[in-house]
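Asker: no sequence on this one, just coordinates:
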């Protein structure tokens with residue numbers, strides 16, 4: 001089984017599901033979650049920037065199996081700030097993703113230009129007191145509009161469909 005290519009639902013849960021040494025990123029594939037990006041078509045292109053009151057929205061697991069030191073620091077710093085919403089659960093559609101990582105490899109990154117739909121932030125910058133909020137406040141409306149339009153264009157790459165579509169999730173996988 002060690003040489004088999006595993007299709008994995010979540011690399012963070014490996015400690016609970018797989019034996020040590022059975023899986024690793026060099027040979028295995030983490031399948032994308034079923035996303036809510038179809039909502040993006042209406043929300044992303046609605047031009048509702050003037051009514052935005054949330055600067056940073058996090059909806060996911062607040063505690064992860066791997067310890068997630070950066071996530072814990074950010075949650076402690078940002079919880080209760082004006083314009084910040086932090087919830088445990090599943091996110092909805094239409095948000096611009098902020099990736100806080102120095103090493104993360106994204107699904108299909110050799111095919112898709114994630115810089116058009118994702119903002120990348122270094123871990124060391126994000127955990128500096130006040131840095132992330134200042135960064136987010138300085139993003140202009142033009143950049144937000146551009147990324148929202150791109151989110152709607154990229155949505156097809158992250159949707160499961162039957163039959164499979166060219167450059168859709170099944171095709172890319």
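Answerer: Arrived safely, thanks for sending. All figures in this text were calculated on a predicted structure; none of them were measured in a lab.

Asker: CA only for contacts and neighbour counts going forward, please
Answerer: Will do.

Asker: now the helix or strand where residue 153 lies: mean pLDDT?
Answerer: In this structure, residue 153 sits in helix 141-154 according to DSSP states H and E. Throughout helix 141-154, pLDDT has a mean value of 86.

Asker: show me the domain layout of the chain.
Answerer: The chain resolves into domains spanning 1-31, 35-172 when parsed by automatic domain parsing.

Asker: mean pLDDT for the ones you listed: which is lowest?
Answerer: Least confidently modelled of the domains of the chain is domain 1-31, at a mean of 69 by mean pLDDT.

Asker: need the distance between the two termini of it.
Answerer: Terminal residues of domain 1-31 are spaced 19 Å apart (C-alpha to C-alpha, to the nearest Å).

Asker: which stretches of this structure form strands?
Answerer: Secondary structure of the chain (DSSP state E): strands at 7-8, 29-30, 56-60, 84-88, 97-100, 118-121.

Asker: CSV for the ones you listed, including distance to residue 73?
Answerer: Formatted as CSV, these follow (distance: least, C-alpha to C-alpha, whole Å):
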stretch, distance to residue 73
strand 7-8, 28
strand 29-30, 26
strand 56-60, 14
strand 84-88, 13
strand 97-100, 12
strand 118-121, 15
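
Asker: nearest to residue 109, of these?
Answerer: strand 118-121 (11.6 Å; C-alpha to C-alpha).

Asker: and the closest one, which strands flank it?
Answerer: strand 97-100 (parallel) (DSSP bridges).

Asker: buried residues in the strand it pairs with, which are they?
Answerer: 97, 100 (16 or more other C-alpha atoms under 10 Å).

Asker: run through who's touching that strand.
Answerer: Residues outside strand 97-100 that contact it (C-alpha atoms under 8 Å, 6 or more residues apart in numbering): 117-123, 126.

Asker: rerun that using 7 Å as the cut-off
Answerer: 118-123, 126 (C-alpha atoms under 7 Å, 6 or more residues apart in numbering).

Asker: for residue 121, which non-adjacent residue is closest in space?
Answerer: Nearest non-adjacent residue to residue 121, counting by C-alpha to C-alpha, 6 or more residues apart in numbering: residue 100, 4.9 Å away.
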